[in-house]
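J.: What follows is a predicted protein model with its sequence.
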Amino acid sequence: MSSSEITLEQIQSFKGKYPKQLWYLFFTEMWERFCFYGMRGVLAIFMVGQLGLTSKEANLKYGAIQAFVYAFTFIGGIFADKILGFKRSLFFGGIIMIIGNLLIAFSPNDLFYFGITLSIIGTGFFKPNISSMVGELYKEGDSRRDAGFGLFYSGINIGALLGGALCVWLGKYYSWSYAFLAAAIVMMLGVGTFGFTQSQLGPIGKSPLMSLDGSKRRIRELMVYIGSILSIPLIYIMIRNTDYTDYFMYSIGPIAVVYFIFETVRQGDVATQKKLIAAFIFILFSIVFWAFFEQSGGSLSLFAEKNLTYSLLGITMDPNVVNNTSNSLFVILFSPLLGLLWVWMASKKIEPNTVVKFGLAFLFLAGAFYVFYATKFFANAEGITSLNVFTAAYLVITIGELCLSPIGLSIVTKLSPKQMGGMMMGMWFLASAYGQYVAGLLGAGMSTPDEAAPLTEKLEAYTSGYLQLSLYALVAGVLLIIVSPVIRKLMQEVK
Ligand code: GLN
């Protein structure tokens with residue numbers, strides 16, 4: 001360590017609401033999410049329009065790719081904990097993502113799946129580890145942590161909104177090469193931002209093997225890089241054939257649970273183990289949340305396409321544009337406000353604890369799906385209903401998301417011991433992978449089997465599905481509140 005390097009103590013004893021390093025991570029993640037959501041936004045359209053897939057095949061593959069991306073965060077988290085450290089993982093993941101997008105930009109039709117495979121690996125190394133670093137900016141018990149994650153979450157959504165809009169626009173109206181090239185360039189900005197600012201993170205994110213002899217450490221690091229490259233054909237095969245996705249999803253979850261138990265038992269200390277079990281319960285609940293929430297990419301987008309008016313508060317709007325952008329916009333608007341509300345409540349000693357926030361998330365989720373259901377009462381005789389009411393439901397679901405997603409990132413960093421931080425964050429995102437996967441199944445169950453069914457029938461099918469989701473969300477929220485004393489006991493001093 002050079003004598004001038006900033007220390008952890010200096011970083012963590014920042015004045016004001018946010019540490020300055022949070023802004024560096026904010027911008028790095030913002031660019032990464034631009035690249036990720038840009039890729040995600042064009043995925044289905046590209047596969048149908050360019051690769052000739054049917055929309056059913058494209059939907060299945062879209063779900064598979066999303067599930068893989070989030071599932072690989074678990075692996076990326078473990079390698080960061082054991083060998084690379086967060087910083088190197090981030091550089092490695094970022095560079096792999098850049099190469100993936102450049103390859104697709106170079107030859108979209110031929111290299112698409114190969115490039116997507118690289119994006120899966122790259123995101124796996126990048127995504128969980130940047131969130132873990134945000135957690136390390138704070139001392140244990142610092143009540144500003146949730147607000148910090150709230151701000152970070154805004155950055156995520158600014159990137160998501162811009163990437164989703166720009167890449168789809170470039171792809172549809174100019175060329176697919178430009179869309180993927182834009183994602184690659186922006187990812188370079190992300191890696192560059194991190195490269196220029198990472199020294200400000202001092203010891204945060206360094207390899208856990210710093211005490212080892214330099215050459216031994218480098219050999220292990222090299223093995224991770226080589227192993228990742230060798231896994232490319234395997235992932236490639238798995239995304240080409242969606243049957244394999246099912247097998248993969250059936251196995252990665254149980255493997256993760258067994259590994260989690262193994263690592264938890266190994267900790268030895270009962271207090272630490274209890275916290276890990278609490279984190280695990282939050283992660284389990286988050287699967288349910290994401291399974292419902294992710295209807296946005298599936299059933300809600302089909303509902304928007306057919307059953308909504310083109311008028312939002314009197315302004316002409318495409319309902320699918322509203323479906324794709326309103327959530328990010330609401331996050332950007334409300335996340336900082338909610339963050340400040342938590343800080344203010346903490347100063348008055350009335351801030352709800354994390355279990356209550358999670359419970360609230362489910363109540364908002366239930367409310368939102370009730371509003372999606374209630375759109376049916378605003379429908380005309382043809383089965384077309386109000387875009388205003390639909391958008392109001394997005395506002396409600398976003399408040400729910402803000403009570404769960406940034407708070408979840410934060411609590412995972414509070415409850416995990418340092419040496420398991422990456423893996424636990426990976427598990428948090430693995431839950432998203434399962435949520436994504438279940439979301440597809442739920443959405444498929446809601447759509448009418450007959451594509452040519454009248455819109456009134458479609459409206460009925462979707463809205464009755466949303467009513468059911470609303471009830472289940474309510475049950476999950478109530479269950480969480482009932483078990484909250486147990487979870488709070490497990491969490492001990494953590495709020
Ligand atoms: N929208 C958030 C992000 O992109 C949360 C994703 C998730 O966990 N499903 O980071």
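T.: Happy to help now that I have it.
J.: backbone phi and psi for residue 316, please?
T.: With angles defined as degrees, to the nearest 10, residue 316 sits at phi -70, psi 130.
J.: Show the secondary-structure elements that the longest helix seen in the chain is packed against.
T.: Ranked by residue count, the top helix of the chain under DSSP state H comes out as helix 455-491. Helices and strands touching helix 455-491, by 3 or more Cβ pairs under 8 Å, 6 or more residues apart in numbering; DSSP states H and E, are helix 270-293, helix 299-307, helix 354-374, helix 421-446. For glycine as for every other residue, the C-beta is placed from the backbone atoms N, C-alpha and C.
J.: between the third one and helix 299-307, what angle do the directions make?
T.: Computed by axes from the mean of the first three to the mean of the last three Cα atoms, to 10 degrees, the angle separating helix 354-374 from helix 299-307 equals 20 degrees.
J.: Following the chain past helix 354-374, name the next helix or strand.
T.: Sequence order places helix 387-415 as the next helix or strand after helix 354-374, per DSSP states H and E.
J.: How about that next one and the ligand, any contact?
T.: Yes. Against the ligand, helix 387-415 shows contacts by Cβ under 6 Å from any ligand atom at residue 405.
J.: what's the answer for stretch 320-330, then?
T.: No. Judged by Cβ under 6 Å from any ligand atom, stretch 320-330 stays clear of the ligand, getting no closer than 8.2 Å.
J.: And the residue of the stretch 151-300 of the chain closest to the ligand?
T.: Residue nearest to the ligand within the stretch 151-300 of the chain: residue 156 (4.6 Å; Cβ to the nearest ligand atom).
J.: surely residue 72 meets residue 124?
T.: Yes. Shown here, residue 72 and residue 124 form a contact pair, counting by Cβ atoms under 8 Å, at 2.9 Å.
J.: Excluding chain neighbours, what is closest to residue 154?
T.: Using Cβ to Cβ, 6 or more residues apart in numbering and skipping residues adjacent in sequence, the residue nearest residue 154 is residue 335, 4.4 Å away.
J.: How far does whichever strand or helix holds the one you found sit from its chain's centre?
T.: For residue 335, the host element (DSSP H and E) is helix 319-347. Taking Cα atoms, centre = their mean, to the nearest Å, one finds the center of helix 319-347 at 15 Å from the center of the full chain.
J.: burial of residue 82, as a residue count?
T.: The local packing of residue 82 (other Cβ atoms under 10 Å) involves 16 other residues.
J.: typo on my end, it should be residue 259
T.: Neighbours around residue 259, by other Cβ under 10 Å: 14.
J.: Quick check: the gap between it and residue 180.
T.: Between residue 259 and residue 180 the computed distance is 34 Å (Cβ to Cβ, to the nearest Å).
J.: re earlier: what residues of the longest helix of the chain count as buried?
T.: Neighbour counts over helix 455-491 (16 or more other Cβ atoms under 10 Å) mark 455-456, 458-463, 465-467, 469-470, 472-474, 476-477, 480-481, 484, 487-488, 490-491 as buried.
J.: likewise stretch 347-355?
T.: For stretch 347-355, a neighbour-count test (16+ other Cβ under 10 Å) marks 351-355 as buried.
J.: got the contact list for the nearest residue to residue 432 once chain neighbours are set aside?
T.: Computed as Cβ to Cβ, 6+ apart, the closest residue to residue 432 that is not its neighbour in sequence is residue 70, at 4.4 Å. Counting by Cβ atoms under 8 Å, 6 or more residues apart in numbering, residue 70 makes contact with 429-430, 432-433, 436.
J.: 10 Å instead, please
T.: 120, 123-124, 127-128, 290, 426, 428-437 (Cβ atoms under 10 Å, 6 or more residues apart in numbering).
J.: Need the per-residue pLDDT for it.
T.: Note on residue 70: pLDDT of 94.
J.: what do you get for the one 3 residues further on?
T.: According to the predicted model, the pLDDT of residue 73 comes to 95.
J.: neighbours around it, how many?
T.: When counting by other Cβ under 10 Å, one arrives at 29 neighbours for residue 73.
J.: Would you mind listing what in the chain touches the ligand?
T.: Proximity of the chain to the ligand is confined to 33, 156, 290, 405, 429, 432 under the rule Cβ under 6 Å from any ligand atom.
J.: Adding distance to residue 44, pLDDT and neighbour count, write these out as TSV.
T.: Formatted as TSV, the residues of the chain next to the ligand follow (distance: Cβ to Cβ, whole Å; pLDDT from 0 to 100; neighbours: other Cβ atoms under 10 Å):
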residue	distance to residue 44	pLDDT	neighbour count
33	18	96	26
156	21	96	27
290	19	95	23
405	23	96	24
429	21	96	28
432	18	94	27
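J.: tell me which residues of the least confident helix or strand in the chain by mean pLDDT are tucked away?
T.: For the chain, counting by mean pLDDT, DSSP states H and E, helix 299-307 ranks last in confidence among helices and strands (a mean of 86). Neighbour-count burial for helix 299-307 flags 299-304, 307 (criterion: 16+ other Cβ under 10 Å).
J.: Please apply the same query to stretch 276-294.
T.: Neighbour-count burial for stretch 276-294, counted by 16+ other Cβ under 10 Å, picks out 276-283, 285-294.
J.: got the contact list for the closest residue to the ligand within the chain?
T.: Relative to the ligand, the nearest point of the chain is residue 432 (3.5 Å; Cβ to the nearest ligand atom). Neighbour list for residue 432: 66-67, 69-71, 73, 127, 283, 286-287, 289-291, 293-294, 405, 408, 439 [criterion: Cβ under 10 Å, 6+ apart].
J.: sorry, back to before: ok, which of the helices and strands packed on helix 455-491 comes nearest residue 196?
T.: Nearest to residue 196 among the helices and strands packed on helix 455-491 is helix 421-446; the distance by Cβ to Cβ comes to 23.1 Å.
J.: angle of that closest one against helix 387-415?
T.: Using the same axes, to 10 degrees: helix 421-446 against helix 387-415 is 150 degrees.
J.: What distance separates the opening and closing residues of stretch 374-388?
T.: In stretch 374-388, first residue to last residue: 12 Å (Cα to Cα, to the nearest Å).
J.: Name the surrounding residues that touch it.
T.: 303-304, 306-315, 317-319, 322-323, 326, 389-390, 392-393, 453-460, 462-464, 466-467, 470.
J.: pLDDT below threshold where in this structure?
T.: Within the chain, the ranges that satisfy pLDDT under 70 run 1-3, 448-449.
J.: at 50 instead, please
T.: By pLDDT under 50, the low-scoring segments of the chain are 1.
J.: how about the residue lying farthest from the centre of the chain, phi and psi?
T.: In the chain, counting by Cα atoms, centre = their mean, residue 381 sits farthest out from the average C-alpha position, at 38.6 Å. For residue 381, the backbone dihedrals (degrees, to the nearest 10) come out as phi -60, psi -20.
J.: ok, now the one 5 residues further on?
T.: For residue 386, the backbone dihedrals are phi -80, psi 120 (criterion: degrees, to the nearest 10).
J.: Could you report the distance from it to residue 264?
T.: 49 Å.
J.: Same question for residue 109.
T.: Distance of residue 109 to residue 264, computed by Cβ to Cβ: 46 Å.
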